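Q: Dropping a prediction and its sequence here:
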Amino acid sequence: MSDDHVYKKVEVVGSSTKSIENAIENALAECRNSIRHMEWFEVTETRGHIVDGKVGHYQVSLKVGFRIENS
């Protein structure tokens, strides 16, 4: 990050039946379709869904930081 740029953050939620890491990757992959200049993410919440006493899926809330174009 540089002092000469302006950044913005958006909050998204990714999910996966495999892992927390996969939930993060799923969220970033979807963001890549509409957000340019992504530079960092923060995990703000981690939770999951229980099915028959086992993990059904993982859900991760992220704040994704990106540089505003031409800043």
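A: Yes, it's here.
Q: I'd say residue 23 and residue 14 touch.
A: Yes. Using CB atoms under 8 Å, residue 23 is in contact with residue 14, at 4.3 Å. Where you see a C-beta, it was placed from the backbone N, CA and C, and this is true even at glycine.
Q: Spell out which residues are contacts of both of the two.
A: Counting by CB atoms under 8 Å, 6 or more residues apart in numbering, the residues touching both residue 23 and residue 14 are 59-60.
Q: Give me the phi and psi for the residue located most distally from the centre of the chain.
A: Residue farthest from the centre of the chain, counting by CA atoms, centre = their mean, is residue 52 at 27.4 Å. With angles defined as degrees, to the nearest 10, residue 52 sits at phi 50, psi 40.
Q: do you know how far it is from residue 22?
A: For residue 52, the distance to residue 22 equals 21 Å [CB to CB, to the nearest Å].
Q: ok, now residue 40?
A: 19 Å.
Q: which residues does the residue nearest the centre of the chain bridge with?
A: Closest to where the C-alpha atoms of the chain average out (CA atoms, centre = their mean) is residue 62, at 3.9 Å. Note on residue 62: beta-bridge partners by DSSP bridges are residue 12, residue 43.
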